[in-house]
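> heads up, no residue letters with this:
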């Protein structure tokens, strides 16, 4: 039963981490003209995930003699919901709409409310890792086929149900040279874009990289080759950067908190110094055209919304605001700025506080090191991207896979340090 629960939690989380996946799968089975049905499928999956998580968490929590909730996370959850309500008043967006944009993050917070010292959930991290490996493999193989054939294979639609190839087609094929020999067709699998597929593949590669599942070396090498090939086939330089960070993460994972904070510092730099960055001569070349466009987007949105104390503190509801789409094609491709424009300074601090807290207190073992590493390098990836929903899903999985009893932590610790002499991990 634990294996089934773990599989369902992981699979449903993976589906909800990429909102467009549900719509794309619905289109593949012929549901292509009913927003009501598609949203119904999404809400049904959300209900299933919440129900399964409730039984998974309560099955252990309910057996504890002292059922004291973690007040720190309850307070954070209350403050976050209060911010959502205030932002809704500013932007005219309802509370439920605000929550749907942060659904997986809120789920992670709710689970943390039940997390106490030495608590454990009805969840198998090994099943979690195996599910991610298989899910990434299916999407990776489809992505490789898309890349080799130069065809999307499946229908390409955006969130409005309109055919759109911008997320799966490289605009300037010259910038990647021979890698774009197929005309710039990106690998994207069943997901929204080559970017999202790449992040999923890097996560799956990280599981193998940290020996997160029991597998013989030949199978492991075979899977790693598929993932690397599919990563290259995404034709996305941000994914290549993330892959490099994953390779380096093993050497700094014991300092995860400091790495995370340094990443936040780096993420803030283009927000503060965007005008200075735009004057750099190398950004005028076509190779850095995408980065230049991101900086132009930052500059545009820094001057788009009216400035007031309440908007600075609580945001403008950027995530569900369509007003700017009528006058510009720019979007915010910086995680820190996107959060700030959406839920303000207070909300941004709360979101990053939770990510940091998990890095500070999660029991890191080789079986969940891939999730830990992805959260650790999240701020660096957020330098030129906005994918909070995906990383909130990883946060949920890290929360579920980080709660062990004392004996299992010790067993994992001994095995991990045996396998990886340099570097080793300091366990709480």
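Nice, thanks for sending it over. Since we're looking at a predicted model, the values are computed, not measured. Numbering: from 1, shown residues only.

> show me the helices in the stretch 101-250 of the chain, by range?
103-113, 125-149, 194-209, 217-233, 237-249 (DSSP state H, counting those that start in this stretch).

> other residues contacting the first one?
The reference is to helix 103-113. Outside helix 103-113, the residues that touch it by CB atoms under 8 Å, 6 or more residues apart in numbering are 13, 16-17, 46, 49-50, 53, 57, 69-70, 73-74, 76-77, 80, 99, 121, 351, 354, 388-389, 392-393, 395-396, 399-400. The way it works is simple: take the backbone N, C-alpha and C, and place the C-beta from them, glycine included.

> show the average pLDDT along stretch 147-158.
Mean pLDDT, computed over stretch 147-158, is 79.

> would residue 385 count as being in a helix?
No - with DSSP: H, G, I helix; E, B strand; the rest coil as the criterion, residue 385 is assigned coil and is not in a helix.

> in the stretch 101-250 of the chain, where is pLDDT below threshold?
For the stretch 101-250 of the chain, the stretches flagged by pLDDT under 70 are 115-120, 155-167.

> before we move on, the earlier item: which one of the helices of the stretch 101-250 of the chain lies nearest to residue 311?
Of all the helices of the stretch 101-250 of the chain, helix 103-113 sits nearest to residue 311, with 21.5 Å by CB to CB.

> and the host helix or strand of residue 88, how far from the chain's centre?
Assessed by DSSP states H and E, residue 88 sits inside helix 71-91. Averaging C-alpha coordinates over helix 71-91 and over its chain gives two centres that are 21 Å apart (CA atoms, centre = their mean, to the nearest Å).

> list the buried residues for that helix?
Going by neighbour count (16 or more other CB atoms under 10 Å), the buried part of helix 71-91 is 73, 76-77, 80-81, 83-84, 86-88, 90-91.

> try stretch 171-191
Those would be 173, 175-176, 180, 182, 184-191, for stretch 171-191 by 16+ other CB under 10 Å.

> show the average pLDDT along stretch 371-386.
The average pLDDT within stretch 371-386 is 93.

> straight-line length of it, end to end?
The stretch stretch 371-386 measures 18 Å between its terminal residues, going by CA to CA, to the nearest Å.

> cool, stretch 363-376 as well?
End-to-end span of stretch 363-376 (CA to CA): 14 Å.

> quick one: buried residues of it?
Buried residues in stretch 363-376, counting neighbours by 16+ other CB under 10 Å, are found at 363-376.

> pLDDT weak spots in the stretch 251-400 of the chain?
287.

> let's see that with 90 instead.
Applying pLDDT under 90 to the stretch 251-400 of the chain flags residues 253-256, 273-296, 307, 319-331, 357-368, 384-385, 399-400.

> could I get the full set of helices for it?
If DSSP H, counting those that start in this stretch is used as the criterion, the helices of the stretch 251-400 of the chain fall at 256-272, 274-277, 289-302, 309-314, 335-361, 369-376, 378-381, 388-401.

> can you put those helices in JSON lines and add distance to residue 224?
Formatted as JSON lines, the helices of the stretch 251-400 of the chain follow (distance: least, CB to CB, whole Å):
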{"stretch": "helix 256-272", "distance to residue 224": "23"}
{"stretch": "helix 274-277", "distance to residue 224": "36"}
{"stretch": "helix 289-302", "distance to residue 224": "28"}
{"stretch": "helix 309-314", "distance to residue 224": "45"}
{"stretch": "helix 335-361", "distance to residue 224": "26"}
{"stretch": "helix 369-376", "distance to residue 224": "13"}
{"stretch": "helix 378-381", "distance to residue 224": "21"}
{"stretch": "helix 388-401", "distance to residue 224": "20"}
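
> out of the ones you listed, the one nearest residue 250 is which?
For the helices of the stretch 251-400 of the chain, the distance to residue 250 is smallest for helix 369-376, at 7.7 Å, taking CB to CB.
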